[in-house]
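*Asks:* please find the sequence and the predicted model below.
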Amino acid sequence: MRAINKSIIAKTKSVKKVTDADMEKINTYAISELKSADVFVFSVVLCDNEIDRDGERFTVESLKTLEKLYVGKTAIMNHSMKTEDQSARTFKTELITDGRKNSLGEDYYYLKAWAYMVRTEKNADLIKEIEAGIKKETSVGCSVEEIRCSVCGANRRKKRCAHIKGEKYDGRLCFDELVNPTDAYEWSFVAVPAQKNAGVTKTFSEKEEKATQNIFKSMESKEEITLTKGEIEKILSAVKELEEKAKDGEEYRKALVKNVISLSAICFPEIGAEGMGDICKSLSTEGLRTLRNALEKRKTSSLPIGCQTGETTDNKADENNSSFVF
Ligand SMILES: [Zn+2]
């Protein structure tokens, strides 16, 4: 049996109305009967049939098995297992397909889980985060019986074949299919920085990230080192990830500058767009945010009431403006 860890970034969603049927399921795990007001219920995506960074993916059959295996499994919140009430429990799972296709052009399937937490003071912050719909990295752990080569079907746990993950053979991409999960362990939850792209994205697991950092460390020693193919791949993915982050940062800054200039045109028209643009250039992103907030305040306090509420045809213009507000 090989134990594997997979992670995925997806939006968590709080469940506003907990049904009686859900409460019945939840109460099969509770020591003393819980009322719907005692619990916080949320949903999360656990895994899917998309090829991940390791060149591996679950088959739909495997996801069907995991759908059963994950019911009743604990979720470790923020990597803490110190007390019982810092964890959540999965009480319901569902394999979903919604018309989207995966990168192979097949129907995209994902395993959604519903979990509950007891509403306690200790859980309050985490509950707030989930309620706000903050994206989380979910990491699942399970064992699979077989790791199957997508090209020749060999069980790579038993015998090596000549195919290399990520390469194409007669137009067919080589990846590993994770077949027949035999056990599912707890899943855990880690906060991730906001990502621009919607939907589901794969990410480095913490272990991989550490491995990459170690490679960088040995590179810093400036001594001659030999890298394996896997290590080179790790470095390339890390660089790509950094590039993505830098791009997101740039986009954010651009929008912020635009926002500041348009606010400044209302509050301090004498500075002019060009002048304000020059000022913005010398500011850090944090400085820009401070200026934007100050201008926002100034705008609200200086405009006549009618303008603020946008009762008339200004309504549309206001809506457009708000798209730059972060
Ligand atoms: Zn093969």
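*Replies:* Cool, got the structure.
*Asks:* how close does the residue lying farthest from the centre of the chain get to the ion?
*Replies:* Distance from the centre of the chain peaks at Glu270, with 43.8 Å (C-alpha atoms, centre = their mean). Glu270 sits 71 Å away from the ion, taking C-beta to the ion, to the nearest Å as the criterion. No exception for glycine: its C-beta is placed from N, CA and C like everyone else's.
*Asks:* shift numbering so it begins at 31
*Replies:* Happy to do that; since the first residue is 31 now, the last one works out to Glu300.
*Asks:* and that residue, how far is that from Leu203?
*Replies:* 60 Å (C-beta to C-beta, to the nearest Å).
*Asks:* tell me the spacing between Val75 and the ion.
*Replies:* Counting by C-beta to the ion - Val75 and the ion are separated by 30 Å.
*Asks:* next secondary structure after the helix or strand containing that residue?
*Replies:* In the assignment (DSSP states H and E), Val75 maps to strand 69-78. Using DSSP H and E, the helix or strand that follows strand 69-78 towards the C-terminus is strand 86-88.
*Asks:* now whatever helix or strand comes next after that next one: buried residues?
*Replies:* Using DSSP H and E, the next helix or strand after strand 86-88 towards the C-terminus is helix 90-99. Buried residues in helix 90-99, defined by neighbour count with 16 or more other C-beta atoms under 10 Å: Ser92, Leu93, Thr95, Leu96, Glu97, Leu99.
*Asks:* residues in contact with helix 90-99?
*Replies:* The contact list for helix 90-99 (C-beta atoms under 8 Å, 6 or more residues apart in numbering) reads 76-79, 88, 123-125, 137, 139-141, 170, 172, 174, 207-211, 213-214.
*Asks:* among those residues, which are in strands?
*Replies:* Mapping these onto strands (DSSP state E) picks out 76-78, 88, 123-125, 137, 139-141, 170, 172, 174, 207-211, 213-214.
*Asks:* report all helices and strands that the strand or helix carrying Lys55 contacts.
*Replies:* Assigned by DSSP H and E, Lys55 falls within helix 50-57. If you count contacts as 3 or more C-beta pairs under 8 Å, 6 or more residues apart in numbering; DSSP states H and E, helix 50-57 packs onto strand 69-78, strand 117-131.
*Asks:* right, and those strands - which one's nearest Val269?
*Replies:* With C-beta to C-beta, the closest approach to Val269 among the helices and strands packed on helix 50-57 belongs to strand 69-78: 25.3 Å.
*Asks:* which residues touch the residue of the stretch 31-180 of the chain found nearest the ion?
*Replies:* In the stretch 31-180 of the chain, no residue comes nearer to the ion than Cys179, which is 3.1 Å away by C-beta to the ion. By C-beta under 8 Å, 6+ apart, the contact list for Cys179 reads Arg186, Cys191, His193, Cys204, Asp206, Glu207.
*Asks:* change it to 10 Å
*Replies:* Going by C-beta atoms under 10 Å, 6 or more residues apart in numbering, Cys179 touches 185-186, 189-195, 199, 204-207.
*Asks:* could those go into JSON lines alongside distance to Ser62 and neighbour count?
*Replies:* Shown next, in JSON lines, are those (distance: C-beta to C-beta, whole Å; neighbours: other C-beta atoms under 10 Å):
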{"residue": "Asn185", "distance to Ser62": "47", "neighbour count": "13"}
{"residue": "Arg186", "distance to Ser62": "48", "neighbour count": "17"}
{"residue": "Lys189", "distance to Ser62": "53", "neighbour count": "8"}
{"residue": "Arg190", "distance to Ser62": "54", "neighbour count": "9"}
{"residue": "Cys191", "distance to Ser62": "54", "neighbour count": "13"}
{"residue": "Ala192", "distance to Ser62": "59", "neighbour count": "10"}
{"residue": "His193", "distance to Ser62": "55", "neighbour count": "19"}
{"residue": "Ile194", "distance to Ser62": "55", "neighbour count": "13"}
{"residue": "Lys195", "distance to Ser62": "50", "neighbour count": "18"}
{"residue": "Tyr199", "distance to Ser62": "58", "neighbour count": "14"}
{"residue": "Cys204", "distance to Ser62": "53", "neighbour count": "18"}
{"residue": "Phe205", "distance to Ser62": "47", "neighbour count": "22"}
{"residue": "Asp206", "distance to Ser62": "45", "neighbour count": "22"}
{"residue": "Glu207", "distance to Ser62": "44", "neighbour count": "20"}
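*Asks:* of the residues you listed, which fall within the contact range of the ion?
*Replies:* Cys191, His193 (C-beta under 5 Å from the ion).
*Asks:* let me know the closest of the contacts of Cys179 to Val269.
*Replies:* Lys195 (19.5 Å).
*Asks:* which strand or helix spans that closest one?
*Replies:* Going by DSSP H and E, Lys195 is not in any helix or strand.
*Asks:* how about it, nearest residue that isn't a chain neighbour?
*Replies:* Gly85 (3.5 Å; C-beta to C-beta, 6 or more residues apart in numbering).
*Asks:* for that neighbour, what are its contacts?
*Replies:* Per C-beta under 10 Å, 6+ apart, neighbours of Gly85: Ser180, Ile194, Lys195, Gly196, Glu197, Leu203, Cys204, Phe205, Asp206, Glu263.
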